[in-house]
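Novice: What shape does this take:
(one chain, ligands or ions: 2)
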Amino acid sequence: MHVPHTFSGSCELSVVIPVYNEEAGLDALIERVTKAAQAIFANRYELILVNDGSKDGSWASICAHADRDSRIVAINLSRNHGHQLALTAGLNHVRGDLIFVLDADLQDPPELLGPMLEQVRQGYDVVYGQRIKRHGETAFKRGTASLFYRMLGSMVDTYIPRDTGDFRLMTRRVVDQLNAMPERYRFIRGLVSYIGFNQTAFPYDRDARYAGETNYPLRKMVALAVDAVTSFSVVPLRFASHLGMLFGLAGLVSLLGIVWVWMRGGTVEGWASLAALILIMGSVQLMVLGVFGEYLGRMYMEGKQRPLFIISEVRRHPLAANAAADGEAPVIEPDLREGIRVAS
Ligand code: UDP
Ligand code: MG
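Specialist: Ligands and ions are numbered 1, 2, ... in the order given. Next up, the predicted model:
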């Protein structure tokens, strides 16, 4: 039998990880996160794994881990909700004083918890990972990401640091503020920036994916970029008036040109240029209408006030679930030599 561990009932750290089709890497992920968290917080932490409607065996694997380790909380969403909403669901369940968010694919090294914690102890509320190098990502992905942050920076008043993801360590008061924001189109790294308090960057090298493939194809990246712009800026709405002025000016110049030609006894040739102009004007107007539609559609969807996510199951180890009532509970942690280790 092992030396008993007693769980004080207090939870100092909550690790939140959204999981979508990550079966192949889950064991390695949980092992590395557990090691990193345990080294600093002993048993006073929880690991919240949110299954975002995975189509592979991720949920079964998460459940198996949760059954063996009372520090793991398994949350199953009713279907795929997308990365940002899965993360939101996890953040809604945290009990810790500090919250550590990372991706399930081990691109963000869990071992950085220690150094990031140092920064929090120096008085920071948010320590966000900022990527210096990105291993295993295509030049296209890096290029588009960099372009996106530059564009976003020029449109919004809130400072949104570039080359960041959701990898970060936050204090409870930041997450409480985040959880109080009801919006559906969530660009979480932007919202955290918006919240303020003391924030600092933590430069790190981003590893390549441990297993599997990216769940962020171009389509989802564009959607995230549109979410980011529309939730933080109304600048695109002003494009219409800017474009209007620009085209008005162009019209005036060409009118002067036509009068000039006419005064010299000539005529400006016809319909091809006219047809091209009509098409260009039509397309510009439709594009502007599309931008308006984007904002209008978001207002419509927000207006419905549907819940941000739907949970089908939250699984805690029975002993850990009782802890909430008693304030004290034994910790069960897996032991590779014995299968299951129970301590009381
Ligand atoms: N993810 C999710 N739901 C989705 C897509 C992704 O929960 O619909 C999770 C995924 O499991 C991972 C994180 O979000 O933990 C980031 O996804 P990914 O690594 O595919 O993105 P990338 O790092 O390539 O931008
Ligand atoms: Mg990734």
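
Novice: for Asn51, what are its contacts?
Specialist: By C-beta atoms under 8 Å, 6 or more residues apart in numbering, the contact list for Asn51 reads Val19, Tyr20, Ser58, Trp59, Ile62, Ala74, Ile75, Asn76, Leu77. Heads up, the C-betas are built off the backbone N, CA and C, glycines and all.

Novice: Can you name the residues bridging to it?
Specialist: Per DSSP bridges, the residues bridged to Asn51 are Val19, Asn76.

Novice: can you check Phe100 too?
Specialist: Going by DSSP bridges, Phe100 forms beta bridges with Val15, Leu169.

Novice: how about low-confidence regions in the stretch 1-150 of the chain?
Specialist: Scanning the stretch 1-150 of the chain for pLDDT under 70 picks out the ranges 1-9, 134-136.

Novice: Helices along the stretch 51-200 of the chain, start to end?
Specialist: For the stretch 51-200 of the chain, the helices defined by DSSP state H, counting those that start in this stretch occupy 58-68, 83-91, 113-121, 139-155, 172-179, 188-195.

Novice: how about the second one, does it reach ligand 2?
Specialist: No - with C-beta under 5 Å from the ion as the criterion, ligand 2 is not reached by helix 83-91; the gap is at least 9.4 Å.

Novice: which residues are in contact with that helix?
Specialist: Helix 83-91 has contacts (C-beta under 8 Å, 6+ apart) with 16-20, 48-50, 52, 75, 77, 81, 99, 101, 166, 175, 178-179, 186-188, 215-216, 224, 227, 308-309, 311.

Novice: which residues sit in contact with Asp97?
Specialist: Cys11, Glu12, Leu13, Thr171, Arg172.

Novice: What parts of the protein come near ligand 2?
Specialist: Asp103, Asp105, Gln107.

Novice: Save the residues you listed as JSON lines, and put in neighbour count too.
Specialist: JSON lines is the format used below for the residues of the chain next to ligand 2 (neighbours: other C-beta atoms under 10 Å):
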{"residue": "Asp103", "neighbour count": "21"}
{"residue": "Asp105", "neighbour count": "25"}
{"residue": "Gln107", "neighbour count": "21"}
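
Novice: Measure how buried Ser146 is and give me the count.
Specialist: Number of residues near Ser146 (other C-beta atoms under 10 Å) recorded here: 12.

Novice: my bad, should have said Gln84
Specialist: When neighbours are counted by other C-beta under 10 Å, Gln84 comes out with 19.

Novice: And the strands in this protein?
Specialist: 6-7, 13-19, 45-51, 72-77, 98-101, 126-134, 164-171, 199-206, 311-315, 329-330, 332-335, 339-342 (DSSP state E).

Novice: Now tabulate those strands in CSV and tack on distance to Ala275.
Specialist: Formatted as CSV, the strands of the chain follow (distance: least, C-beta to C-beta, whole Å):
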stretch, distance to Ala275
strand 6-7, 76
strand 13-19, 51
strand 45-51, 54
strand 72-77, 52
strand 98-101, 54
strand 126-134, 47
strand 164-171, 47
strand 199-206, 50
strand 311-315, 56
strand 329-330, 76
strand 332-335, 72
strand 339-342, 77
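
Novice: and Tyr295, how many residues sit next to it?
Specialist: 13.

Novice: Could you measure from Arg264 over to Gly297?
Specialist: As judged by C-beta to C-beta, to the nearest Å, Arg264 and Gly297 stand 51 Å apart.

Novice: Perfect, I'm done here.
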